[in-house]
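Participant: Here is my input, please return the structure:
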Amino acid sequence: MFGSNILEVAIGIIFVYLLLSLICTALNEGIASLIDKRGRNLMGGIKNLLNDPQFTGLAQQVYNHGLIGGISQYASNPNKITRLPSYMSGQNFSLALLDILGARGIIAGKYGDLLAIAENADDAYGKAVEAAAATPANPQFAEAVNQAKAAQERARAALEAIADEAKAAYDKAIQSASSAPTDADLAHLATQARNNVETINAAIKMLDARRAAIASAKNPKEAKLLLTAGTTLKEALAFARTFAAQSPDPLGNIQEGLKRLPEGDTKETLLVLIDKTRREVAAVEHQAEAFRRNLEGWFNNAMERVGGWYKRWTQRVLLFLATAVVVISNADTVMLIQRLSKDNALRASLVAAAQDAVKAQPALELPAPPMEGAASQPAQSPPIDAKNNTPGLQAVLKTAESVKLPVGWSFNPSDAGHFRNPELSWDYAGWAFYKLFGLLVSILAVSMGAPFWFDTLSKFVNLRSAGTPPGETSKSARQPTL
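Facilitator: Here you go, the predicted structure:
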């Protein structure tokens, strides 16, 4: 009987831990949703993965791609700030990145040098403007801004001059083809001229998309700037996507685009993945799909670490919330043990509520995963505890409605949860020591999270159910013979 009482006390304490953990979890979910923590965490991971800390390069282009932008709340509304997606599948990421890299390869193959010069001129102009803003009274910085602006305009003018030449050549080719509709050579020349026009237009649009991305990064609250960057990028990809699909060596085309990326881990990693793909797949027509799978695996592995970022943040927040909830509710573990050990009715009611919560578990709603990214599917994870069986807050609280929880502060000296005014005495020092110790134990326990305590509660309840009910003989005892 003594052992049964100890087990019931443990079940009651665990049930209280579970209730408090669920409250902390609900508060944590509210905070995470309010500050869009999942979306920001995922975005930070992708910026790190793609070596784009300023969010003006590959990471920004991935987020503006239709496969990703389509799952972002308010992405098409210029009057509202886009809410970042909290989940991005590895497949969507790899498809979007493959599309972008293919388009960049087509542009780099013909106009990569001119586009690089224009992009460098944009960067130089931006740095000159920042330097001049820092020291507005210095005429040298003002002159540097003018020079950088002129270089920026010349770089863009060079691309536009080629676009004008390509357009003139296309109009001439169309006229020639129209005058001799049966001439296959003239028709072929007209097609090539059109391709040249679309390729140079793609280069210009890519430059415009980058400029729009830089403007959006400087003014992140301006939703219209981000929308403009996305629209311009889509136009650039539309020009180049057809040619990328027609490339006889898709992987070689992607590699050409990678050579134009800034030096860093991303460029090195993607080039290594290309070499890996070529070693694994000899057939050229299957290499692009194999490379996509390698990209997906790379993304999933990286998002596992990003999930760890969110988990550490959650643990810190839960520890803070557990401290507040435990202290406010006076959920002192030492006090709980004392109350449950002496009050049989209270102990029995908590055990019954705990059993009801465990039995109702299959019908309870599961909470949203703490982080979702490529490392996790919607019911897994970055995004952290995979496939939790944590009961929903409302459902567990419903099972505890008729239970008087042994928590709360009291000013009644005969109550175990009474609050004592500070005084200089050994008696008060002993009370304060045990109170602080009990609260600290509860804080650490509650911060472990509801999934842990629900699993623990299920095991203890099952252990009690497997034992011998009160008033019955032991299941292992020999039965009397008739």
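Participant: what about Ile214, distance to Thr232?
Facilitator: Taking C-beta to C-beta, to the nearest Å as the measure, Ile214 falls 12 Å from Thr232. (C-beta placed from N, C-alpha, C; glycine too.)
Participant: Pull out the buried residues from the helix or strand containing Ala432.
Facilitator: Using DSSP states H and E, Ala432 falls within helix 426-446. With burial defined by 16 or more other C-beta atoms under 10 Å, the residues of helix 426-446 counted as buried are 435, 438-439, 441-443, 445-446.
Participant: I'd like those as JSON lines, with pLDDT and distance to Ala352 appended.
Facilitator: Shown next, in JSON lines, are those (pLDDT from 0 to 100; distance: C-beta to C-beta, whole Å):
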{"residue": "Lys435", "pLDDT": "84", "distance to Ala352": "29"}
{"residue": "Gly438", "pLDDT": "89", "distance to Ala352": "25"}
{"residue": "Leu439", "pLDDT": "91", "distance to Ala352": "27"}
{"residue": "Val441", "pLDDT": "93", "distance to Ala352": "25"}
{"residue": "Ser442", "pLDDT": "92", "distance to Ala352": "22"}
{"residue": "Ile443", "pLDDT": "93", "distance to Ala352": "27"}
{"residue": "Ala445", "pLDDT": "92", "distance to Ala352": "22"}
{"residue": "Val446", "pLDDT": "92", "distance to Ala352": "22"}
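Participant: Can you tell me which of the residues you listed is nearest Leu321?
Facilitator: Ranked by distance to Leu321 (C-beta to C-beta), the buried residues of helix 426-446 are led by Val446 at 8.3 Å.
Participant: need the buried residues of helix 426-446 in TSV with distance to Val272, can you?
Facilitator: Below are the buried residues of helix 426-446 laid out as TSV (distance: C-beta to C-beta, whole Å):
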residue	distance to Val272
Lys435	58
Gly438	55
Leu439	53
Val441	50
Ser442	50
Ile443	46
Ala445	46
Val446	45
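Participant: residue ranges for the helices of the stretch 151-300 of the chain, please.
Facilitator: Using DSSP state H, counting those that start in this stretch, the helices of the stretch 151-300 of the chain run over 184-218, 223-245, 250-258, 265-280, 284-329.
Participant: Just give me the lowest mean pLDDT stretch among these.
Facilitator: Mean pLDDT across those is lowest at helix 223-245; the value there is a mean of 79.
Participant: remind me which residues of this protein are low pLDDT?
Facilitator: Within the chain, the segments meeting pLDDT under 70 span 1-3, 70-83, 223, 361-402, 411-422, 428, 466-482.
Participant: can you tell me which residues contact Trp298?
Facilitator: 269, 273 (C-beta atoms under 8 Å, 6 or more residues apart in numbering).
Participant: Same question for Leu20.
Facilitator: Applying C-beta under 8 Å, 6+ apart to Leu20 gives the contacts 322, 325-326, 329, 331, 442, 446.
Participant: List only buried entries from the residues you listed.
Facilitator: Here, 16+ other C-beta under 10 Å leaves 322, 325-326, 329, 331, 442, 446 buried among the contacts of Leu20.
Participant: could I get those residues as a markdown table with distance to Gln140?
Facilitator: Output for these, formatted as a markdown table (distance: C-beta to C-beta, whole Å):
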| residue | distance to Gln140 |
| --- | --- |
| Ala322 | 57 |
| Val325 | 60 |
| Val326 | 62 |
| Ser329 | 65 |
| Ala331 | 66 |
| Ser442 | 64 |
| Val446 | 61 |
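Participant: got the helices of the stretch 151-300 of the chain as a markdown table, with distance to Leu95 columns?
Facilitator: Listed next are these as a markdown table, based on distance: least, C-beta to C-beta, whole Å:
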| stretch | distance to Leu95 |
| --- | --- |
| helix 184-218 | 19 |
| helix 223-245 | 12 |
| helix 250-258 | 13 |
| helix 265-280 | 15 |
| helix 284-329 | 7 |
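Participant: Got the domain ranges for the protein?
Facilitator: 2-36+308-466, 52-261 (automatic domain parsing).
Participant: Please render those domains as CSV that adds distance to Glu289 to the earlier fields.
Facilitator: Shown next, in CSV, are these (distance: least, C-beta to C-beta, whole Å):
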stretch, distance to Glu289
domain 2-36+308-466, 18
domain 52-261, 9
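Participant: I'd like to know which of these is closest to Ala288.
Facilitator: In this view, the domains of the chain are compared for proximity to Ala288 by C-beta to C-beta, and domain 52-261 is the closest at 4.1 Å.
Participant: and the closest one, how far apart are its ends?
Facilitator: Domain 52-261 has an end-to-end distance of 11 Å (criterion: C-alpha to C-alpha, to the nearest Å).
Participant: now stretch 252-265
Facilitator: 20 Å.
Participant: and it, how far from the chain's centre?
Facilitator: From the chain centre to the centre of stretch 252-265 is a distance of 26 Å (C-alpha atoms, centre = their mean, to the nearest Å).
Participant: who wins for proximity to Leu42 among the domains of the chain?
Facilitator: Closest of the domains of the chain to Leu42 is domain 2-36+308-466, at 5.1 Å (criterion: C-beta to C-beta).
Participant: so which of the domains of the chain comes closest to Asp275?
Facilitator: Comparison of the domains of the chain against Asp275 by C-beta to C-beta identifies domain 52-261 as nearest, at 9.3 Å.
Participant: rewinding a little: which single one of the buried ones among the contacts of Leu20 is nearest to Ile23?
Facilitator: Distance to Ile23, by C-beta to C-beta, is smallest for Val325 among the buried ones among the contacts of Leu20, at 5.7 Å.
Participant: Looks like that closest one contacts Ile23 (just checking).
Facilitator: Yes - here Val325 reaches Ile23: they are 5.7 Å apart, a contact under C-beta atoms under 8 Å.
Participant: element containing Arg339?
Facilitator: Using DSSP H and E, Arg339 sits in helix 333-342.
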